[in-house]
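Undergrad: model the following, please.
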Amino acid sequence: MPIPPIDPLIALGVVASTAVTDAVYVFFNASVSARKRVSAASWSSLWYLLSAFAVISYTSNWAYVVFAAIGAWIGGFLSITALDYAAPLGER
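TA: Alright, predicted model coming up:
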């Protein structure tokens, strides 16, 4: 099976976005641990946008990534809201 052609710029973009995605993941986890809803939701949204780079390459339809980012933001915000709600009153 032959190896498909590789565009060096796309390959570099994937490497760079993966590196930044890992850094963003760390900041996302720190925000979650600190129960910072807006910060965690924003990091989650950015994390999803960066990880979607490969999806854009395959689908060539960037519009779905915008919807995915909105969903990631909402999911991050609601998960931290749920964690705050589940915490005992003395820890809020």
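Undergrad: buried ones in the helix ranked longest in the chain, by neighbour count?
TA: Selection of the longest helix in the chain by residue count, based on DSSP state H, yields helix 8-33. For helix 8-33, the neighbour count (16 or more other Cβ atoms under 10 Å) marks Ser17, Thr21, Val24, Tyr25, Phe28, Ser31, Val32 as buried. Just so you know, the C-beta spots here come from the backbone N, C-alpha and C atoms, and that holds for glycine as well.
Undergrad: so can I have a markdown table of those residues showing pLDDT?
TA: Shown next, in a markdown table, are those (pLDDT from 0 to 100):
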| residue | pLDDT |
| --- | --- |
| Ser17 | 71 |
| Thr21 | 76 |
| Val24 | 85 |
| Tyr25 | 85 |
| Phe28 | 92 |
| Ser31 | 91 |
| Val32 | 92 |
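Undergrad: on that earlier part again, tell me what the helix or strand following the longest helix of the chain is packed against?
TA: Using DSSP states H and E, the helix or strand that follows helix 8-33 in sequence is helix 37-51. With contacts taken as 3 or more Cβ pairs under 8 Å, 6 or more residues apart in numbering; DSSP states H and E, helix 37-51 sits against helix 8-33, helix 63-86.
Undergrad: for Tyr48, which of those is the nearest?
TA: For the helices and strands packed on helix 37-51, proximity to Tyr48 was assessed by Cβ to Cβ; helix 63-86 is nearest, at 3.7 Å.
Undergrad: all set, thanks.
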